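J.: fold the stuff below for me.
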Amino acid sequence: MTYGVWCNDKMVYEVLSNDEWGNDEMMYDVWCKDEQGNDVCCNDERGNDVWRNGERMCDVKQELLKRTTDSSFDVALFLLHPKSKGYIRLESSNPLKQPLLDPRFLEDPYDIEMLLKMIRWTQKLEKTSSWKSLRVKLIRYDMEGHCGEIEFNTDAYWRCIIQHFVVSGLHPTSTCRMGSRRDPTAVVDPTLRVYGIKNLRVVDASVMRNVISGNTYSPTLMIAEKAADMIKCGTKY
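T.: Predicted coordinates:
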């Protein structure tokens, strides 16, 4: 959710600049800088414009950026334990072929409803004295073809916004989860060795049983440290 801070009908409180907002927030993958530092459309690996749901995504992003200034700021809402689960599968026996990856975001309705509750909680902040003193106002995301036809601030409206504008937290885990031989979902044993394949370990966030409640960076370092110790000690524990 993006907000503007107003004083005398002008946005004045600088929290997050447009450049920062464009780097890692909504639809980050379609917005780039040219050699002169101007905003331009990013292309995919084949040089084509990125499209989604029939829209050229950088056009959508450009429209949204018009609604913000250097005083805009985001309230980032993170669903720590989504129920939707994706998959990664082999496309063929060719090891050089890219695997099939489908994150299946929002497949479980629970995730949408939890995000809706988080939005409603955030809206309560608008009524606090701190936010009122800054004259904070919501900057709407809707536009023609993107929830603009739905009555604003209804549950249906926010469910539509969630489905159009949600992005990944970029910390996928558990595609090679650790477990016992009796666990049909397990890929590696407690020493991170891949079941059924000799001399192969997996040492990254994919061995986590489930997604954790925080950033995966430090825990992944600890997994690597533990793996290094086990390898050095001949995996006797």
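J.: buried residues in stretch 136-155?
T.: By 16 or more other Cβ atoms under 10 Å, the buried positions in stretch 136-155 come out as 136, 139-142, 146-147, 150. Every C-beta, even on glycine, is put in place using the N, C-alpha and C of the backbone.
J.: actually, stretch 67-82.
T.: With burial defined by 16+ other Cβ under 10 Å, the residues of stretch 67-82 counted as buried are 68-69, 71-74, 79, 82.
J.: also stretch 222-237?
T.: Across stretch 222-237, burial judged by 16+ other Cβ under 10 Å covers 223, 227, 230.
J.: now intersect these with the helices, please.
T.: Among the buried residues of stretch 222-237, the members found in helices (DSSP state H) are 223, 227, 230.
J.: any idea which of these is closest to Arg120?
T.: Using Cβ to Cβ, Ile223 comes nearest to Arg120 of those, at 36.6 Å.
J.: from Met1, how far out is the closest one?
T.: From Ile223 across to Met1, the span is 34 Å (Cβ to Cβ, to the nearest Å).
J.: same check, this time on Leu116
T.: Taken as Cβ to Cβ, the span from Leu116 to Met1 is 12 Å.
J.: how about Ala186?
T.: Computed as Cβ to Cβ, the Ala186 to Met1 distance reads 39 Å.
J.: again, but for Lys137
T.: Distance, Lys137 to Met1, by Cβ to Cβ: 11 Å.
J.: same question for Pro99.
T.: Distance, Pro99 to Met1, using Cβ to Cβ: 34 Å.
J.: report the contact partners of the residue nearest the centre of the chain.
T.: Central residue of the chain (Cα atoms, centre = their mean): Ser168, 1.6 Å from the mean position. Going by Cβ atoms under 8 Å, 6 or more residues apart in numbering, Ser168 touches 103, 105.
J.: where does the record place the domain boundaries for this structure?
T.: 2-165, 171-237 (automatic domain parsing).
J.: okay, now Asp183: neighbour count?
T.: For Asp183, the count of nearby residues is 13 (other Cβ atoms under 10 Å).
J.: same check on Ser213?
T.: Counted by other Cβ under 10 Å, the residues lying close to Ser213 total 8.
J.: and Leu138, which of the three is it?
T.: Under DSSP: H, G, I helix; E, B strand; the rest coil, Leu138 falls in the strand class.
J.: and it, what are its bridge partners?
T.: Tyr3 (DSSP bridges).
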